[in-house]
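Chemist: here is a sequence with its predicted model. Questions after.
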Amino acid sequence: MDEQEKARQLIQASRTAATGHIKTIQTAPELTRELVRREVRGYILAKFHLTEADCTTDCFRELATISLSKSMRLSPELVKEFDLARSCDGVTSQTAKMVLLFMALQRDLDIQFEPMSTARAETLSDIGDLVWAALQAAKEPQNK
Amino acid sequence: MSITRAFDVKLKVLPLLSFCEHLYYYEGPCRFGSGEALEPGYDALSNAQKQRMFLENLKASAGENIEIMDAAVIRRTDDWDDHESEWEAITDAVNACDVVVGSAAIASDDRLVEFATRFTKPLIVSPDSFASNIGVPAAIRALTGEHEVFSAWRWEQMGPLLATLRARKVMRTTRVLLATRFGSPISQSSLDTFNNYERITAKLGVQFRFVNIHELLDQMSPALPEGNHTTPGRQTLDLTEADMAEAEKLADELLGGAAYVDLDRKYLLKSLYAYLTVRKHMDYKDCCGFTAPCPDVCSTRRLNEMQFTFCLTHSLNLEQGIPSACEFDVNGVVSMQALMAVSGKCPFLGNTEPLTWQGDHPVVLGGSDEQAKILCERLGNDRSNVYFMQHSIAHRRIKDAKQDSAYAMQHFAHDQGFGATMRYDFDDDQGKTMTLCRFSPDGEKLMIAQAEVISGDGYRVPNCAEVVYFRVRDVDEFFDAQTNVGLHMVMVYGDYKQQLIDLSKLMGVEPLVISR
């Protein structure tokens, strides 16, 4: 199997896994904060093409860097050092990766985050809590 | 009413972020990216992340006494909907700050230029304002009128820049209490002091307050029912019973903690009465610096009559971070304040001259054989480029601004034994780097020099005898530079050359730099 085919299969597997985590949240007979945290964690790892073995930290930013380092085949230290290429709006690859993750969560779960709350999220658990809060808010009559 | 020390002055920094949010999916010459990065909603999330990163970097760069305020944000969309309410919302915060650090990017950076047209606060364009940190300052500098703008391309520049702006704020909030006998600008012994206060205020922002020396002397005792001789019938800041008790307490502390005492307690108390009276005046007039004209007052014979000198007032002020100089040396006071502002340390000041020799004896006031021997031993065969600084306003915080060093209490007057002075042994500081400075009498130049301590002298000798000997790079170069600024140099330990250069340039003062 050539490298491209391997990559294609990896991406497909990640998508499938991510979709599975979303479905678990959407179909859970009784949604709890713990369940949301667990499934969101799985979703992020799938989206970032990370395994539990890659998770040497619970820090969202660090995991974004580890994910970039895996895909770029550079060490996380080098990714940090060279992640200076910016678009005209001054966003680094690490930041763009984190923002796209929040965009995906909003889209897949049909929820809305308050932007600054996403910036304050430090850990995967924090993001799980954000999703939990957004799901609760979506249930409120005024948000329907 | 209060004394605000240089160490206590905070620079209030307002982070200002200018953002643009795209409302539609499109790409083109000013908008890159792909997929969801081009969708509505992406910018809001991305801007939030940028805001967090910006504030983290700014806070990490801010040193001591830099207060980062809550961020102000102005927003627009690609409808170019520039609402006046955005500016109104940040006006109070801008008015409350000392400096604004602005972050912006393409499609939002023009608002930093507009900021400069609306407000007078200095603006620093931040390193994360990719490319805008070049265009924005260029645009602002081309505007009509005076606009102060700085720019940084890496965060390592931000800390020193903020520290320099804080030091300038220290200077601009300095008020010096001047006790005068004759015409206010010049005393009989400091001809090289500032010669035009109005010009110094305009240049450095330092303000001056005055008190008549005879009125001040009259107040160094409990009030008379009929008022003092110089101000009959007036209520003045004379010493109270509580002040007298405070003097007793201070005397106990000073005598009890000294490693060596050659001073009668009754004379210490008289010097402490002077100190407490001066401090009441400084507090009353919101001043954070002081000087009095020693020779002008000396010749009134009132110091002899009242049996004190101002030496201890200066020492006690200095060790608390309050600039205080002998001989009505007003630019000595202001030079101290500059050095305190950049170093956070407590300075020493003295007559500063090239050392000359008579055989193996340095020619200094009150030099001892024992100290001459130490000096010669430490110099070895090389007696070149040696300078000395001499006055009796040493104190306990020269080596460490936060902790007392060993000290002695010595009398000043040879015959009568009055005048309390504090002594510090510079012998222990051999090899330490010193930074010295002094403003020129017109305030246009600041001499900045480095030197290395050799030894001390005059520790156990009355009068203005306390000495620190030090080596400079080139004695002639140092001397020539000094003839532009004057006799009293101010020193602290450590290397603060660059910080003083930066402060000079920010104030429009020419730095005269002598490196080691």
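Modeler: Nice, thanks for sending it over. Numbering: from 1, shown residues only, chains lettered A, B, ... in the order given.

Chemist: residues contacting the residue lying closest to residue B:5 once chain neighbours are set aside?
Modeler: Leaving out its chain neighbours, the residue that sits closest to residue B:5 by C-beta to C-beta, 6 or more residues apart in numbering or on different chains is residue B:321, at 4.3 Å. Bear in mind the C-beta positions are built from the backbone N, C-alpha and C, glycine included. Counting by C-beta atoms under 8 Å, 6 or more residues apart in numbering or on different chains, residue B:321 makes contact with B:5-7, B:340, B:346, B:401.

Chemist: go on, residue B:300?
Modeler: Neighbour list for residue B:300: B:181, B:213-214 [criterion: C-beta under 8 Å, 6+ apart].

Chemist: is it in a helix, a strand, or coil?
Modeler: Three-state assignment for residue B:300 (DSSP: H, G, I helix; E, B strand; the rest coil): coil.

Chemist: state the distance from it to residue A:47.
Modeler: Remark: distance between residue B:300 and residue A:47 (C-beta to C-beta, to the nearest Å) = 85 Å.

Chemist: could you do residue B:396 as well?
Modeler: Separation of residue B:396 from residue A:47 (C-beta to C-beta): 62 Å.

Chemist: for chain A, what helix or strand is lowest in average pLDDT?
Modeler: The helix or strand of chain A with the lowest confidence, counting by mean pLDDT, DSSP states H and E, is helix A:76-82 at a mean of 58.

Chemist: beyond that one, next helix or strand please.
Modeler: helix A:93-109 (DSSP states H and E).

Chemist: say whether chain B is contacted by the next helix or strand after that following helix.
Modeler: Later in the chain than helix A:93-109, the nearest helix or strand by DSSP H and E is helix A:115-120. Yes - for helix A:115-120, a contact with chain B is found by C-beta under 8 Å from any C-beta of the partner chain, at A:115-116, A:118-120.

Chemist: quick one: buried ones out of those?
Modeler: Burial by neighbour count, 16 or more other C-beta atoms under 10 Å in any protein chain shown: within the residues of helix A:115-120 next to chain B this picks out A:115, A:118-119.

Chemist: quickly name whichever of those is closest to residue B:114.
Modeler: For these, the closest approach to residue B:114 (C-beta to C-beta) belongs to residue A:115, at 24.0 Å.

Chemist: residues contacting residue 24?
Modeler: I'll assume chain A. Shown here is residue A:24, whose contacts under the criterion C-beta under 8 Å, 6+ apart are A:35, A:39.

Chemist: sorry, I should have been clearer: chain B.
Modeler: Applying C-beta under 8 Å, 6+ apart, the residues contacting residue B:24 are B:40, B:78.

Chemist: if we go to 7 Å?
Modeler: Contacts for residue B:24 (C-beta atoms under 7 Å, 6 or more residues apart in numbering or on different chains) come out as residue B:40.

Chemist: three-state assignment of the residue nearest the centre of chain A?
Modeler: In chain A, the centroid-proximal residue (C-alpha atoms, centre = their mean) is residue A:44; its distance is 3.4 Å. State at residue A:44, reduced to three classes by three-state DSSP: helix.

Chemist: mind checking pLDDT for the closest residue in space to it that isn't next to it in sequence?
Modeler: Nearest residue to residue A:44, sequence neighbours excluded (C-beta to C-beta, 6+ apart): residue A:124, at 5.8 Å. The pLDDT attached to residue A:124 in the predicted structure is 95.

Chemist: repeat that for residue B:336.
Modeler: Here, the pLDDT recorded for residue B:336 equals 98.

Chemist: and if you look at residue B:29?
Modeler: In this model, residue B:29 is scored at 85, pLDDT.

Chemist: wouldn't residue B:449 be in contact with residue B:436 here?
Modeler: Yes - under the criterion of C-beta atoms under 7 Å, residue B:449 makes contact with residue B:436 at 4.5 Å.

Chemist: is it correct that residue B:204 is in contact with residue B:507?
Modeler: Yes - contact criterion C-beta under 7 Å: residue B:204 and residue B:507 qualify, at 5.8 Å.

Chemist: neighbour count winner among the two?
Modeler: Here residue B:204 and residue B:507 are compared on neighbour count by other C-beta atoms under 10 Å in any protein chain shown; more neighbours surround residue B:204, at 23 against 19.

Chemist: what does that one show for phi and psi?
Modeler: Note on residue B:204: its backbone torsions stand at phi -110, psi -20 [degrees, to the nearest 10].

Chemist: tell me what residue B:411 is bridged to.
Modeler: Note on residue B:411: beta-bridge partners by DSSP bridges are residue B:420.

Chemist: measure it to residue A:8 for me?
Modeler: When distance is defined by C-beta to C-beta, residue B:411 is 92 Å away from residue A:8.

Chemist: those two: which is more packed in?
Modeler: Under the neighbour definition other C-beta under 10 Å, residue B:411 and residue A:8 were set side by side, and residue B:411 has more, 21 against 12.

Chemist: check contacts around the residue most central in space within chain B.
Modeler: Per C-alpha atoms, centre = their mean, the C-alpha nearest to the average position across chain B is that of residue B:337, at 2.4 Å. When the contact criterion is C-beta under 7 Å, 6+ apart, the partners of residue B:337 are B:6, B:170-171, B:174, B:289, B:323.

Chemist: now the phi/psi pair for the closest residue in space to residue B:134 that isn't next to it in sequence, please.
Modeler: Take residue B:134 and drop its neighbours on the chain: the residue closest to it by C-beta to C-beta, 6+ apart is residue B:151, 7.0 Å away. Its backbone dihedrals place residue B:151 at phi -150, psi 150, with angles given as degrees, to the nearest 10.

Chemist: which of the residues of helix A:115-120 next to chain B sit farthest apart?
Modeler: Maximum pairwise distance among the residues of helix A:115-120 next to chain B (C-beta to C-beta): 10.0 Å, between A:115 and A:120.

Chemist: mind showing which ranges of chain A have poor pLDDT?
Modeler: In the prediction, chain A carries residues with pLDDT under 70 at positions A:1, A:72-89, A:142-144.

Chemist: 80 - rerun?
Modeler: Within chain A, the set of residues satisfying pLDDT under 80 comprises A:1-4, A:6-7, A:71-91, A:141-144.

Chemist: next one: the stretch 101-250 of chain B
Modeler: Judged by pLDDT under 80, the stretch 101-250 of chain B has its weakly predicted residues at B:183-186, B:189.

Chemist: what parts of it come near chain A?
Modeler: Taking C-beta under 7 Å from any C-beta of the partner chain as the criterion, the stretch 101-250 of chain B approaches chain A at residues B:105-106, B:128-130.

Chemist: just the ones of the residues you listed in strands?
Modeler: Among these, DSSP state E puts none in strands.

Chemist: now, among those, which is nearest to residue B:194?
Modeler: Each of these was checked against residue B:194 using C-beta to C-beta; the closest is residue B:129, at 40.2 Å.

Chemist: what's across from residue B:74 in the sheet?
Modeler: Applying DSSP bridges to residue B:74 gives these bridge partners: residue B:18.

Chemist: how far away is it from residue B:82?
Modeler: In terms of C-beta to C-beta, residue B:74 sits 9 Å off from residue B:82.

Chemist: so for those two, which residue has more residues nearby?
Modeler: When neighbours are counted by other C-beta under 10 Å, residue B:74 and residue B:82 differ, and residue B:74 comes out ahead with 22 against 14.

Chemist: show the contacting residues for that one.
Modeler: Taking C-beta under 7 Å, 6+ apart as the definition, contacts of residue B:74 comprise B:18, B:86, B:90, B:111.

Chemist: burial count for residue B:55?
Modeler: 18.

Chemist: contact partners for residue B:329?
Modeler: Applying C-beta under 7 Å, 6+ apart, the residues contacting residue B:329 are B:190, B:193, B:291, B:488.

Chemist: ok, which pair from these is furthest apart?
Modeler: Distances among the contacts of residue B:329 were taken as C-beta to C-beta; the most separated pair is B:291 and B:488, at 10.3 Å.

Chemist: can you pick out the residue with more neighbours from these two?
Modeler: More neighbours sit around residue B:291 than around the other of residue B:291 and residue B:488, counting by other C-beta under 10 Å; the figures are 30 against 25.
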